[in-house]
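**Q** Structure, please.
(chains A, B, C and D)
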Amino acid sequence: MDFNLTDEQRMLQDTVARMIREQYDFESRMKLLEEPAGYSKEIWSQFADLGLLGIPFSEESGGFGGGGVELMLVMQEFGRGLVVEPYLPTVVLAGGLIESLGSDAQKEALLEPLIGGELVMSFAHGEPQSRYDLSHVETKAEKSGDGYRLTGRKAVVLNGDSADKLVVSARVSGDVTDSDGIALFVVDANAEGVTRRGYQTVDGLRAAEIILDGVQVGADGVLGEPGKAFPAIEQVVGRGIAALCAEAVGAMEAACGWTLEYLNQRKQFGVPIGKFQALQHRMVDMQMHTEQARSMAILAASRLEEDYELRERTLSAAKALIGQAGRFVSEQAIQLHGGIGMTWEYAVAHYAKRLVMIDHVLGDTDQHIERYVALTDNQAEGEAAGAPLAANA
Amino acid sequence: MDFNLTDEQRMLQDTVARMIREQYDFESRMKLLEEPAGYSKEIWSQFADLGLLGIPFSEESGGFGGGGVELMLVMQEFGRGLVVEPYLPTVVLAGGLIESLGSDAQKEALLEPLIGGELVMSFAHGEPQSRYDLSHVETKAEKSGDGYRLTGRKAVVLNGDSADKLVVSARVSGDVTDSDGIALFVVDANAEGVTRRGYQTVDGLRAAEIILDGVQVGADGVLGEPGKAFPAIEQVVGRGIAALCAEAVGAMEAACGWTLEYLNQRKQFGVPIGKFQALQHRMVDMQMHTEQARSMAILAASRLEEDYELRERTLSAAKALIGQAGRFVSEQAIQLHGGIGMTWEYAVAHYAKRLVMIDHVLGDTDQHIERYVALTDNQAEGEAAGAPLAANA
Amino acid sequence: MDIHYTPEEQAFRDEVRTFLKNKLPEDIATKVKAGKHLGKEEMVRWQKILNEQGWLAQSWPVEYGGTGWTPVQKHIFDEESSKAGAPGVVPFGVSMVAPVIIKFGTEAQKEYYLPRILNQDDWWCQGYSEPGAGSDLAGLKTRAVREGDHYVVNGQKTWTTLGQYANMIFCLVRTDPEAKKQEGISFLLIDMSTPGITVRPIYTIEGGHEVNEVFFEDVKVPVENLVGEENKGWTCAKYLLTHERTGIAGVGMAKEALSKLKSIAWDQKKNGRPLMEDPLFRNRVAQVEIDLMAMEMTNLRVLAAAKEGGAPGAESSMLKIKGTEVRQEIYDLMRRAVGPYAIPFLPEFFDAEAGEGPEVGPEYAPPLAGRYFNNRKLSIYGGSNEIQKNIISKMILGL
Amino acid sequence: MDIHYTPEEQAFRDEVRTFLKNKLPEDIATKVKAGKHLGKEEMVRWQKILNEQGWLAQSWPVEYGGTGWTPVQKHIFDEESSKAGAPGVVPFGVSMVAPVIIKFGTEAQKEYYLPRILNQDDWWCQGYSEPGAGSDLAGLKTRAVREGDHYVVNGQKTWTTLGQYANMIFCLVRTDPEAKKQEGISFLLIDMSTPGITVRPIYTIEGGHEVNEVFFEDVKVPVENLVGEENKGWTCAKYLLTHERTGIAGVGMAKEALSKLKSIAWDQKKNGRPLMEDPLFRNRVAQVEIDLMAMEMTNLRVLAAAKEGGAPGAESSMLKIKGTEVRQEIYDLMRRAVGPYAIPFLPEFFDAEAGEGPEVGPEYAPPLAGRYFNNRKLSIYGGSNEIQKNIISKMILGL
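**A** Residues are numbered from 1 along each chain as shown, chains lettered A, B, ... in the order given. Predicted coordinates for the structure are as follows:
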């Protein structure tokens, strides 16, 4: 057992941390929201230059060959900076699916520009009725020529408004919630039949509702074997969950940091309010939630390559705990700040919004506890409960 | 709307309060536990002399004609004193069933001595597998001569070890959990075929496991129409719930009182520990839980005569909230006392045990929330949510 | 002891219902029920209707135009209003400055200001908090120096709710800088159009504009605008703070919110079934419903004590805490109920009738996250819940 | 970063498993797993077995007979022990007084006491707390006055765990009453058979007898029983308190308790189905399981830091709080799981094999309520959780 970072990992962490520290202070971040795409193309290029966009991709695909820990290190710093660039939808989700299912030609055509920062993508999967159910896909893909014709509607597609290309899920067979029968397609965001309504999100990101009205996709746009995409979706979403967990830990650290500073500086009745025991204990609770969240983010990152059940159980446990911890930290950070924590001009409000909204992305606490239970009760009970965490699989 | 007590009610309250204050201090109470029956026959006689054993019975039955409020006033004082006498099983439950279903002859034969303090009874209803489900009755009653023959087992029968007579539920028809088909019988506790294993309870009361091995009951022992007893059971248990709620409020008040006194008196680091803000706020939380519990005890007492749904919904809501409040107050009373609150010699430990155990009697918080939901969703939603509390039915 | 309404109280409830049914403008009720923001015009319109009915000044003495209602009547009115979707009355004029003027003001002040408040001629706002002094009011720094028949005011107020609409502000100002903290404070009425006053909006976490900063730079205020004695403003402030606050628990608002939560949870689907049938979610809704039921009863008990002359005192702190906890829990559940559709930020949906292009999620969804965040304020303003616990532990518990 | 055990750590785990399988007496494991109390004989028997294996003194330096284990090895041992139903080692001798003797004792003390601790010749107990001083150790009043080659000790200690079995007690006593609070305290080793010592049992909430009061009346203690310098006992006390506490989170115990909770909840029926399939109860079990998973990871991180030489410091306060919260939650759920059968009080069931007459409820039920109540102590002893939060807010947060 070893919690030390390798030299390479430490370098990666330092690089990202420095960049965030130097270029991503709160005021700069708030200005980025006004960019047309809702983020900075320039910073995106810098991410590319630093190699960050290639982190999770294999070296054959032109990537860095990083695993869960590398992803965690990057996302944690992004969380500290409340980074708005579309790393999750482009690199982790859409990119991950292309690497996982794409043909050599598709990988070459898409991953190279993606890693280079020239191609921004999105994963259009959720639908108005799907809530957090990954297998709920109503959008239809009908055979048409040597390709498919897509019809349906995608909901709250992160950065779907400015993406160049979309990875779209659609059903080729089966019932609405079957995991069998789901296919993935690469669709040009400006293709005929695609209508996008973009909007800002509560936490300052961008998303879109996307209507697909008989969108024609050629054979070269089919990703993997049609109808068999679900396992890859689950795995890539799992990576997304680990990424969000790490981001949340970074944001919690920042929210705790701001709050601690405020408690030390703000005076009332003649003393810093950090001298009041009730507030001290609340601060301790925030810190403890953050430590528990950090533990789960590490565990999630460390188990991305394990077998299905252990991996998915861990990811659901992590997302569930982090949703709760994030909400607690957010609410208490605001409460301990008082009115100032409620204002748009003050960073804490925005950390709070991001943390609470993370619980609405890729499944919330309730959904993941339910899933954790389902995956646990599949196993021999004694094993599941008593198994040492660190035991090798 | 009027929260004032009538003069009669105030007199009743004063009488019981005085008696508890003068004769039921903590040391005296702890001595009573060593009595053979687990309570004091002498105090029971005093209850009779004061008319307390007749409170809920109609004047025709020789009672006081009291309603929910009178019952509440008595039980609240009992809660303050941690009274161990079998008021709930004898007067509220068994007595209540006899008044509700008994023939004139049965009422005369049983209620007069019961109200006079000469007859102690118990309600043998719960079974090893019934948990909190009132309609779960496996005990069988088979026709035998002009009476019945009872076979089965009753679990955790409060004061079942020392009761003179038992009201026993048994099934004449239907499946194990049908509410139809349940009958009630008055059984002599020493009748042939009755085996009792008595024991103390965690909170210092007494209970028994009772085995019925072909116990013969004559026609005069059948209470009401066989198979149709369930509505009466539900109503009388409802009164029991209201009684327990009131008792819990009395016990919470006492637990808060002891804790407040301790916070003021105990010094650490040179000041009374009540000066520490974190402990102050905890004490406030205890007090708030107690006030919320008091509100529900009043509401429960006030709705005992309402129609089925409103009455039962209220009782389940009250029992659910009071279970939670009681647990919070207990745990925090111990915590704020520190080690001393953990000791057998100190009253707070016993209030805590009673409060926590009340949640195990006549349904716990979980069971009653579930029941509340079932009863609520039966109704038109809008009505149920928006109806003013004080609205006349 | 009888928790039922008396026949008189029932008759009153019917009267209120009839009034609301006939007089509450439908456009306003629709907006309120949808959780949208009201503009100034709408608030004024409703308050004029209330005034015509004689029901605006509920806590004033009858001789000044008050209703003479009992606390239970006020409770009934609040409850029915919330249920019907009537907006709450903006408190700064009618419920805050007016009682102070009635208690401490000169005859001239009463004659001038009270009718203007009833007629909606003045929109008042509150100048209490300052950047350096949150829950610690006595530490305020805004100075007023007597110069002839004027005070000259310099300083800054903050968290001034709806100050953007106001033409009048009542302020606590320091008139004797030498005096001990709570002494040397005076209570001034200030015309917002006086030169030297600047109002700057504060945007809050959800992007809304409810509160403001107000800056005073050499603002001349006539001495006749002093209420009570100079340096005795703390008396006015305390009176206002401890002034009976019937509605502090927000029972009516909580019930309305709960009812909305339930209708959302019936509409939302989880795994093909209404979310309201999900055992865990349903349990949470029931928990908060039961908590609210208990709180309503607690509120009624406090009201009854108030009717009997018992001072609500620190009980209102309990109601404030419990009331805000219950509402925050309900808003939290609403946000969670809509799943991913809590994410879009569509401020145009808060105020206007409908968005453009493809709709985004169910109609009720867009304001929910904002409402959740905005309502974090409940446990902060009006004395944070921590301050309320300090009060209870001092006043009730003697700690 | 790698959360897996190294091959060496895996080999060690196998070794521990084999040892436990071969050497842990079955009667003891059965009692531990059923939540029953162990007697002195059983505890001594197990500790002798551990000593024969050389595994009793896990935190001693190797030269005194310690194991030289890394923190991870200790964690593995704890985890496997809990899983197997091995009792925890009674800490007062081997883990508390011994490290102090090793650090501050004379050669004679080391030579005499350490082997006796390993061989189970002495049963030690702790004389720290006093009736007037709970978490505030420095306020202690027990006096020791030097008279020739003896100290004469007068005073009272309390919460002395398992003092009824002890023949030795280590005490903090005040040797200089003039000195400031934390000065003037000395660390004494006292033979319990010395005239003037009385042990009185304290029965706890659930009826058990784990703790005692110890009274000292003119008790003569030879000066050679002083550890460290006179008046410098606080140094020993602090050393002991901050001494590395690997097992403070109680991960192994929590896992065992969780596994028991699950088996109970599978066995119990609610509405004809296993309670474990009740969505609400199942959710609670999952919540605490996930919390425990996170805590185990936190514990491993702290251990790893300790291995690298980073002092666990205030992190152990976090683990203490979280560890006790998790266990208390599990015990609470167990109590609730058995419904009405939590009510019977059957102390004969705690220790003996079976009751008489008709059985009362399922075999696992009788100890559950008692265990829940008894374990309220977890958040009180060893520095209450409130004190731990004070420590964290000072040491980590600097508040």
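**Q** quick one: the residue nearest the centre of chain C and residue A:52, what's the gap?
**A** By Cα atoms, centre = their mean, chain C has its centre lying nearest to residue C:91, at 6.0 Å. Plainly put, residue C:91 is 52 Å away from residue A:52 if you go by Cβ to Cβ, to the nearest Å. The way it works is simple: take the backbone N, C-alpha and C, and place the C-beta from them, glycine included.
**Q** gap between stretch A:130-141 and the chain center?
**A** Averaging C-alpha positions (Cα atoms, centre = their mean, to the nearest Å) puts stretch A:130-141 19 Å from its chain's average.
**Q** what's the model's confidence in that stretch, averaged?
**A** Mean pLDDT, computed over stretch A:130-141, is 98.
**Q** Could I get the pLDDT score of residue 180?
**A** This is for chain A. Looking at residue A:180, the pLDDT reads 98.
**Q** Chain C is the one I meant
**A** 79.
**Q** Next up, the contacts around residue C:218.
**A** Residue C:218 makes contacts with C:152, C:153, C:154, C:196, as judged by Cβ atoms under 8 Å, 6 or more residues apart in numbering or on different chains.
**Q** For the third one, which residues count as its bridge partners?
**A** So the one you mean is residue C:154. With DSSP bridges as the criterion, residue C:154 is bridged to residue C:143.
**Q** Residue C:141 is in contact with that one, correct?
**A** No - counting by Cβ atoms under 8 Å, residue C:154 stays clear of residue C:141, with 9.4 Å between them.
**Q** quick one: the residue nearest to the centre of chain C and residue C:46, what's the gap?
**A** 14 Å.
**Q** For the residue nearest to the centre of chain C, list the residues it contacts.
**A** Neighbours of residue C:91 in contact, by Cβ under 8 Å, 6+ apart: none.
**Q** By residue count, which helix of chain A is the longest?
**A** Of all the segments of type helix in chain A, defined by DSSP state H, the longest one is helix A:230-265.
**Q** next helix or strand past that one?
**A** Sequence-wise, the next helix or strand downstream of helix A:230-265 (DSSP states H and E) is strand A:267-268.
**Q** what's the helix or strand that that next one is followed by packed up against?
**A** Remark: after strand A:267-268, the chain's next helix or strand is strand A:271-272, criterion DSSP H and E. Counting contacts by 3 or more Cβ pairs under 8 Å, 6 or more residues apart in numbering or on different chains; DSSP states H and E, strand A:271-272 packs against helix A:230-265.
**Q** Quote the end-to-end distance of stretch C:93-101.
**A** 10 Å (Cα to Cα, to the nearest Å).
**Q** now that stretch, how far from the chain's geometric center?
**A** Stretch C:93-101 sits 13 Å away from the centroid of its parent chain (Cα atoms, centre = their mean).
**Q** which residues touch it?
**A** C:47, C:56-60, C:89, C:109-110, C:113-114, C:117-118, C:122-124, C:126, C:168, C:170, C:187, C:189, C:227-228, C:236, C:239-240, C:243.
**Q** and if you look at stretch A:33-53?
**A** Stretch A:33-53 is contacted by residues A:15-16, A:19, A:23-24, A:32, A:64, A:74, A:84-87, A:90-91, A:114-117, A:120, A:159, A:161-162, A:200, A:204-206 when judged by Cβ under 8 Å, 6+ apart.
**Q** so who does residue C:295 touch?
**A** Contacts of residue C:295 (Cβ under 8 Å, 6+ apart): B:292, B:295, C:249, C:251, C:254, C:319, C:322, C:323, C:326.
**Q** Just the buried subset of the contacts of residue C:218, please.
**A** Among these, those classed as buried by 16 or more other Cβ atoms under 10 Å in any protein chain shown are C:152, C:153, C:154.
**Q** Closest one to residue B:248 out of those, please.
**A** Closest approach between those and residue B:248, by Cβ to Cβ: residue C:153, at 55.7 Å.
**Q** relative to its centroid, which residue of chain A is most remote?
**A** Here chain A reaches farthest from its C-alpha mean at residue A:270, the gap being 43.7 Å by Cα atoms, centre = their mean.
**Q** low-scoring stretches of the stretch 51-200 of chain C, by residue?
**A** By pLDDT under 70, the weakly predicted segments of the stretch 51-200 of chain C are C:133-138, C:181.
**Q** hmm, try it at 80
**A** In the predicted model of the stretch 51-200 of chain C, residues C:132-139, C:180-182 satisfy pLDDT under 80.
**Q** And the pLDDT at residue C:42?
**A** Reading off the model, residue C:42 has pLDDT 95.
**Q** Please give me every residue in contact with it.
**A** Residue C:42 sits next to C:25, C:27, C:28, C:31, C:87 when contact means Cβ under 8 Å, 6+ apart.
**Q** How about residue C:397?
**A** B:260, B:274, B:280, B:283, B:284, B:287.
**Q** Would you mind naming what in the stretch 201-350 of chain C lies close to chain D?
**A** Residues of the stretch 201-350 of chain C that fall close to chain D, judged by Cβ under 8 Å from any Cβ of the partner chain: C:279, C:280, C:283.
**Q** Do a quick rundown of the helices in the stretch 1-150 of chain C.
**A** Counting by DSSP state H, counting those that start in this stretch, the segments of the stretch 1-150 of chain C that form helices are C:7-23, C:26-33, C:40-53, C:71-84, C:91, C:98-104, C:107-118.
**Q** The nearest residue to residue C:275 once chain neighbours are set aside: neighbour count?
**A** Spatial nearest neighbour of residue C:275, excluding adjacent residues (Cβ to Cβ, 6 or more residues apart in numbering or on different chains): residue C:268 at 4.1 Å. Residue C:268: 23 surrounding residues under other Cβ atoms under 10 Å in any protein chain shown.
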